[in-house]
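J.: Return atomic coordinates for the entry below.
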Amino acid sequence: MNEFQASLIAIGGAVIVGVLFYDKWREWRAKKSVDNAFSSPHEDVLMGDLAQAASQREQVEHVEHVEHGEQVTTTGVTESESGSNAQVSAPEAEVDDEEPIYSPRPPAANLEPAVKPLPLDEFIDCIIPMPLLGPVRGEKVVTAFQPLHLIGNKPVHVIGLNETGDWEPVAVGGIYSSLKAGMQMATRRSYITELEFSELVAGINQLSEDLGAEPELPDMPDVMAKARKVHQFITEFDAKLSVNVEARGPAWMMSNLRPALQRMGMDQRPDGMLVMPDGEGGMLFSLSTNPSASGEISKLLTLLLPVSLVAPDRDAFTAMSAFAKSLAQRLTGGIVDDEGQPLSDAALAAIGNEVRSFYTAMEEAGVTAGSHLAHRLFA
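T.: Next comes the predicted model:
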């Protein structure tokens with residue numbers, strides 16, 4: 001080997017080492033950017049406006065508990081039976097480096113459980129009354145309806161008039177003097193067809209013979225017309241809003257990003273989806289990390305609000321916008337729309353006004369966002 005060949009080999013080796021070093025440096029820089037973003041203290045937008053508003057609501061709507069002759073309120077004041085008040089000092093809590101940006105208010109502990117809505121509603125279901133010739137046990141009804149629980153992609157439910165005179169979902173152990181069966185007239189995909197309606201009628205007629213019922217069948221044209229209206233309603237109000245946080249510097253390392261988001265208040269569901277809980281078993285919005293093809297880095301976070309599924313009083317868009325602003329500050333990113341165009345505070349405020357108008361229109365159309373009925377239609 002002559003001196004020229006040795007020089008070429010040395011140069012090639014130096015280039016390879018340089019490329020490897022550069023890749024490692026980029027990986028270290030990306031990891032460091034996420035670590036710094038979530039470990040350094042920042043003033044969070046939600047901790048300012050929304051947290052303060054939530055605190056004020058809790059003070060106005062504080063929940064009283066009665067334990068051992070004392071009333072303890074969420075404002076930290078203890079009232080004894082004699083009427084004297086004393087301030088209770090809470091133990092000092094240990095705070096992680098990444099405090100949750102949004103802390104959902106806990107459900108009121110002294111409120112009685114809400115009455116579960118019936119699975120049938122005149123607005124979205126084709127309901128067929130089935131007066132009975134005599135009382136029927138619930139287990140017989142349940143067994144008879146098993147083959148008819150789904151027609152196409154439309155669920156079928158049955159409720160019964162129990163011994164106390166209340167309508168309830170038919171259950172084993174109950175005794176019912178009358179029944180109502182119903183099929184949801186529309187879903188996201190389609191509305192009831194004439195064939196599906198005919199299948200429902202045939203099934204109800206067979207069940208009526210087995211149970212001793214006299215069904216009051218509706219006219220098919222009327223059902224078809226109502227079904228089209230329900231499907232139009234779904235099409236009109238099936239709305240989702242997204243806000244994105246885009247990296248302005250190095251991509252974020254997924255191995256650090258997802259755990260940090262969870263420490264900031266996001267919950268990871270069994271399917272892997274990250275959601276911001278509302279404190280009562282539901283969600284305010286979800287977050288997608290949009291990982292790269294390798295799954296190791298991301299340059300875009302997408303926050304998604306299913307508008308029809310979240311109650312207006314949650315003010316979920318304000319919460320989502322504030323969360324996005326805090327993420328952008330922590331991660332040195334920018335807030336953009338789905339086309340990558342920047343979203344200013346004024347633009348976000350305008351969208352918030354549109355969301356409130358949407359809720360009003362949906363309420364006037366007959367369904368409250370976030371209600372049981374809304375979840376049946378849009379979930």
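J.: Kindly export stretch 283-290 (C-alpha atoms) in CSV.
T.: Listed in CSV are the C-alpha atoms of stretch 283-290, where the atom choice follows Å, rounded to 0.1, in the frame of the first residue of the first chain:
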residue,chain,number,x,y,z
MET,A,283,-62.5,13.6,27.8
LEU,A,284,-62.0,17.2,26.8
PHE,A,285,-59.7,16.6,23.8
SER,A,286,-57.2,14.1,22.5
LEU,A,287,-53.6,14.5,21.3
SER,A,288,-51.8,12.7,18.5
THR,A,289,-48.0,12.7,18.6
ASN,A,290,-47.7,12.0,14.8
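J.: List the buried residues of it.
T.: 283-289 (16 or more other C-beta atoms under 10 Å). For the C-beta atoms, the positions are set from N, CA and C on the backbone; glycine is no exception.
J.: what comes into contact with it?
T.: With C-beta atoms under 8 Å, 6 or more residues apart in numbering as the contact definition, stretch 283-290 has outside contacts at 102, 104, 254, 257-258, 261, 266, 273-278, 298-306, 310, 314, 316, 319-320, 323.
J.: follow-up on the earlier one: which two of the buried residues of stretch 283-290 have the greatest separation?
T.: Between any two of the buried residues of stretch 283-290, the greatest separation by C-beta to C-beta is 17.5 Å, found for Leu284 and Thr289.
J.: phi, psi of Asp121?
T.: Dihedral angles phi and psi of Asp121 (degrees, to the nearest 10) take the values phi -140, psi 140.
J.: Which element, helix or strand, includes the nearest residue to it once chain neighbours are set aside?
T.: By the measure of C-beta to C-beta, 6 or more residues apart in numbering, the closest residue to Asp121 outside its immediate chain neighbours is Leu373, 5.8 Å from it. Per DSSP states H and E, Leu373 falls inside helix 372-378.
J.: Against which helices or strands is that helix packed?
T.: The contact analysis (3 or more C-beta pairs under 8 Å, 6 or more residues apart in numbering; DSSP states H and E) places helix 372-378 against helix 220-237.
J.: Buried residues in the helix it packs on, which are they?
T.: For helix 220-237, burial by neighbour count (16+ other C-beta under 10 Å) applies to 223-224, 226-227, 230-231, 233-234, 237.
J.: Ok, stretch 354-369 next?
T.: Neighbour-count burial for stretch 354-369 flags 355, 358-359, 362, 367, 369 (criterion: 16+ other C-beta under 10 Å).
J.: Give me the residues contacting it.
T.: When contacts are taken as C-beta under 8 Å, 6+ apart, the neighbours of stretch 354-369 outside the stretch itself are 123, 233, 236-237, 239, 241, 307-312, 317, 373-374, 377.
J.: which among those end up buried?
T.: Among the contacts of stretch 354-369, those scoring as buried are 233, 237, 239, 241, 307-312, 317, 373-374, 377 (criterion: 16+ other C-beta under 10 Å).
J.: Tell me which stretches of this structure form helices.
T.: 3-39, 45-60, 138-145, 194-211, 220-237, 254-263, 316-331, 345-365, 372-378 (DSSP state H).
J.: mean pLDDT lowest for which of those?
T.: If you rank the helices of the chain by mean pLDDT, helix 45-60 sits at the bottom with a mean of 41.
J.: Now do the same contact list for Leu132.
T.: Applying C-beta under 8 Å, 6+ apart as the definition, the contact partners of Leu132 turn out to be 176-179, 211-213.
J.: ignore the last one, Ile192
T.: Applying C-beta under 8 Å, 6+ apart, one finds that Ile192 lies in contact with 126, 152, 154, 183, 185-186, 223-224, 227.
J.: Now distance to Arg330 too, for the residues you listed, in TSV please.
T.: Listed next are the contacts of Ile192 as TSV, based on distance: C-beta to C-beta, whole Å:
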residue	distance to Arg330
Cys126	51
Gly152	48
Lys154	46
Met183	49
Met185	47
Ala186	43
Val223	54
Met224	54
Ala227	48
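J.: Touching the helix holding Leu373 from outside, list them.
T.: Surrounding helix 372-378, the residues in contact under the criterion C-beta under 8 Å, 6+ apart are 117, 121, 123-124, 184, 186-188, 230, 233-234, 237-238, 306, 308-309, 362, 367-368.
J.: go with 7 Å
T.: Outside of helix 372-378, the residues within contact range by C-beta atoms under 7 Å, 6 or more residues apart in numbering are 117, 121, 123-124, 184, 234, 238, 306, 308-309, 367-368.
J.: thinking again about what came up before, need the buried ones from the contacts of stretch 283-290 selected in ChimeraX.
T.: The following ChimeraX selection, which keeps only the buried ones among those, applies the criterion 16+ other C-beta under 10 Å:
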select :102,104,254,257,258,261,266,274,275,276,277,278,298,299,300,301,302,303,304,305,306,310,314,316,319,320,323
